[in-house]
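S.K.: attaching a predicted model along with its sequence, questions to come.
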Amino acid sequence: MNKRWSVVVVASALALAGCSSDLPADNTPGDSPSSSDAVKSEFFDQAEYNRQLAFRSATPEGPDGKPWEQMLEPELVDTAKFAKPGGNYTLCFSNAAVNNPWRQVGYKTMQEEVKLHPEISTFTVLDAEAKDDKQISDIQSLTARNCSAIIISPNTTATLTPAVEQACATGVPVIVFDRGVNTTCPVTFIHPIGGFAFGADGAEFLKEKVKPGGKVLALRILPGVDVLEQRWAAANEIFAGSELDVAGVEFTDGDAAKTKSIVSDYLQRVGQIDGVWMDAGATAVAAVEAFQDAGVDVPPFVGEDQQDFLRLWVDEGLTAVAPTYPTYQWRTPVIAALKILKGEQVPKEWVLPQPRITSDNVASYVKQDMPPLHYAMCGCEEMPGYPGPWK
Amino acid sequence: MTWRPRLAEGTAPALVFLLLLLIGLAIVGPAYSEPAGYLALLKRAAPLMILAIGQYFVIVSGGFDLSVGALVTAGVVIAARLIGGNESATAWVILLVLGFGLLVGLINGLVTTKLLVPSFIVTLGMLLVLDGATFLWTGGAPRGALSDGFRMFGRGNADVPVLGEVPWSVLILLSILVAAVLFMRGGTGRALVAVGDNEATVRMSGGQVDRLRLLAFTLSGLLAAVAAILLGGFAGVSAQVGNGLEFRAITAVVLGGVLLGGGRGSVVAAAAGALSLEALFTLLNLLGVSGALKSAVQGVIIIVAVAYASLGGGVRQRLRLWPKPRDSVQTAQPASS
């Protein structure tokens, strides 16, 4: 009986052992590009890059201390045709997924934001579980549900575009946030500055802190995701224009054990690593531990705003920077929806500030009682239920 | 040579493959010119080797255990949540994680033997149940933190007389390996292999087939829990820690020349297969093979190694059916098999 299964298992085991420990093709020859012959990523877009880098120093409009209500260089549009005074709103939300700590923290924050507004009587949420086809049918089902406004956090850009267009066509105001779509039909598209700025924040820090000729290791989660590709494209651009030597570019799958192994192997192969750039900080702690366990000093590090990394940073006195993709952006769609339903103007593209955490302010973001994977930039500390739901 | 080690059939090719990889490492990586480098490799490979040993028990008795990856994730996530950084909780949480592994293995075994569901389906179901339950409980993001005491087993070193600093995980691995070898050489171990070879014969000669199968699944569950403790210690809390581990463990066992469907293969070879997988990963990293090429190279090497190992077992029969490449195959065959 069992022998019949063996063919199936051998086939799948071989296939998976090959893939599970590694990743599909990367179009750029990422082997060991030295600073001189670095190839420009196909995801690099000079105009957008310049725009995002300029946004970082622009002064946002909006209330001080509430970055989730601020906007950078807004082009306001009229929403009078969507005005629906009287409250009793049914707010609908098609969520791409809640499958990682970032989306988890964001979604909690959004739920708490909804509670702040008594005029929202129902908050209907459909979770697409990271599947495009499920999200397409989720959006279709929401358009038939009498929603006052539909918020969409798309799973992927191109595939979801027609579904978003269909939702727009029903006349209900549509708000898109986080990842974008290839259509201008939503009333507003909310997002932080973006991937180029994120990648540049880390790369510029290393350019400043690592001595010329120093070896930098770049750790990426996986290829082909535009948000992550943009981060690397910007970093690649900055490294190419610096005297840093990119010793390697590796994909970690977001797996802590694999990250630790890769960093340990590099320490042996290259001898010394003078800086580590990461496109997302989820495995930053594992990467730092690889240096600690090897008994060498931890070089300048690029992480993210997760509590475990921030704590390690403060405890060990690391030289580090944490660019953020702030989870407070999950508050903004709810605020935008209410503005639209009240007929107030909103920006066509709502660009939120995207702060970074530096050695000067890291201590204020460390929250000892929060879970290790909590994102500090949640803008949720002042919310009534804090910290209960986020724990 | 007058002394010949008592190697089970199929062990030699697996060890030769491992030796080749280790020699490769010694040439490529300066750290592998001294024992410390190999200790670090063993430490990193220990969780997979322990999983492979557990998987070996199940496979050699004619089953599959696909639930181990999900069990590892569940173990780490449960431990992090219950410990919550609280050092004093370490001891009972470790016991609880081990108990949980034991329980899951027991359920797998009971459903397989009593309800007569094929183990492939039972453990696949268990994988889904555990994945789903872990996701439901954590909402996709693990909470809590592991204590230093818990992480010590996967990360720290123990002071051993004579040898000096040896990673805890290596000590745990070695004791499990020795125990497994002794177990497989005893009566119960031989009966376990016999069940995989020919269940009816064992049954007719009075063997407790169901009890042996149950034992195999329980051991696999328990060892998966041990692997969870080591992996959590090595790299910290993550909800992805066990992803794909079941397939890597099965691949390791096959790489060790163990016959899928049961009845043939040695536990040492299964562990060597796991170490080979990890050494291969490290070797490709050290060589700087990157991206797409690394997956491809890894896949080809694994297929070739498995083909080679299986030729080591039934080579005579194969030669009769397929006489042409006789010379090349014969030269490839190691002397000791």
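M.R.: That came through, no problem.
S.K.: how about the strands of chain A, start to end?
M.R.: A:76-77, A:89-95, A:120-127, A:149-153, A:174-177, A:188-192, A:215-220, A:245-251, A:275-278, A:301-302, A:320-323, A:346-347, A:349-352, A:356-357 (DSSP state E).
S.K.: can you give me the buried ones in the third one?
M.R.: Which is strand A:120-127. Buried residues in strand A:120-127, counted by 16 or more other C-beta atoms under 10 Å in any protein chain shown: A:Ile120, A:Phe123, A:Val125, A:Leu126, A:Asp127. C-beta: built from backbone N, CA, C; applies to glycine.
S.K.: what's around the nearest residue in space to B:Gln240 that is not next to it in sequence, how many residues?
M.R.: Distances taken as C-beta to C-beta, 6 or more residues apart in numbering or on different chains place A:Asp255 nearest to B:Gln240, at 5.4 Å, with adjacent residues excluded. Per other C-beta atoms under 10 Å in any protein chain shown, the neighbour tally for A:Asp255 reads 23.
S.K.: how far away is A:Asp255 from B:Ile229?
M.R.: The gap separating A:Asp255 from B:Ile229 is 18 Å, by C-beta to C-beta, to the nearest Å.
S.K.: again, but for A:Pro323
M.R.: In terms of C-beta to C-beta, A:Pro323 sits 34 Å off from B:Ile229.
S.K.: out of the buried residues of strand A:120-127, who's nearest chain B?
M.R.: A:Asp127 (10.1 Å; C-beta to the nearest C-beta).
S.K.: touching, the closest one and A:Ala97? I think so.
M.R.: Yes: contact criterion C-beta atoms under 8 Å: A:Asp127 and A:Ala97 qualify, at 6.7 Å.
S.K.: center of chain A - which residue?
M.R.: A:Tyr325 (4.8 Å; C-alpha atoms, centre = their mean).
S.K.: report the contact partners of the residue nearest to B:Gln240.
M.R.: A:Thr283, B:Ala235, B:Ser238, B:Gln240, B:Val241, B:Asn243 (C-beta atoms under 8 Å, 6 or more residues apart in numbering or on different chains).
S.K.: just the pLDDT for the residue lying closest to B:Ser67 once chain neighbours are set aside.
M.R.: Counting by C-beta to C-beta, 6+ apart, B:Ser67 lies nearest to B:Met126, which is 3.8 Å off, once chain neighbours are set aside. Note for B:Met126: predicted pLDDT of 94.
S.K.: count the neighbours of B:Met126 for me.
M.R.: Neighbour tally, B:Met126, other C-beta under 10 Å: 24.
S.K.: hang on, it in a helix?
M.R.: Yes: the assignment for B:Met126 is a helix, going by DSSP: H, G, I helix; E, B strand; the rest coil.
S.K.: now it: how far from A:Lys367?
M.R.: For B:Met126, the distance to A:Lys367 - C-beta to C-beta - is 37 Å.
S.K.: which ones are touching the closest residue to chain A within the stretch 51-200 of chain B?
M.R.: Nearest residue of the stretch 51-200 of chain B to chain A (C-beta to the nearest C-beta) works out as B:Ala141 at 3.6 Å. Residues in contact with B:Ala141 (C-beta under 8 Å, 6+ apart) are A:Asn100, A:Pro101, A:Gln104, A:Val105, A:Pro371, A:Leu373, B:Ala239.
S.K.: would you mind listing what in the stretch 101-250 of chain B touches chain A?
M.R.: B:118-120, B:135, B:139-145, B:155, B:231, B:234-238, B:240-241, B:243-244, B:247-248, B:250 (C-beta under 8 Å from any C-beta of the partner chain).
S.K.: one more pass at 6 Å, please.
M.R.: B:120, B:139-141, B:143, B:145, B:234-236, B:238, B:240, B:244, B:247-248, B:250 (C-beta under 6 Å from any C-beta of the partner chain).
S.K.: please narrow those to those residing in helices.
M.R.: With DSSP state H as the criterion, helices contain B:Phe120, B:Phe234, B:Ala235, B:Phe247, B:Arg248, B:Ile250 from among these.
S.K.: picking up where we left off before, okay if I get the contacts of B:Ala141 as a markdown table plus pLDDT and neighbour count?
M.R.: Putting those into a markdown table (pLDDT from 0 to 100; neighbours: other C-beta atoms under 10 Å in any protein chain shown) gives the following:
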| residue | pLDDT | neighbour count |
| --- | --- | --- |
| A:Asn100 | 82 | 18 |
| A:Pro101 | 85 | 25 |
| A:Gln104 | 87 | 24 |
| A:Val105 | 90 | 27 |
| A:Pro371 | 83 | 25 |
| A:Leu373 | 85 | 26 |
| B:Ala239 | 79 | 23 |
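S.K.: and which of those residues is nearest to A:Gln306?
M.R.: A:Leu373 (5.6 Å; C-beta to C-beta).
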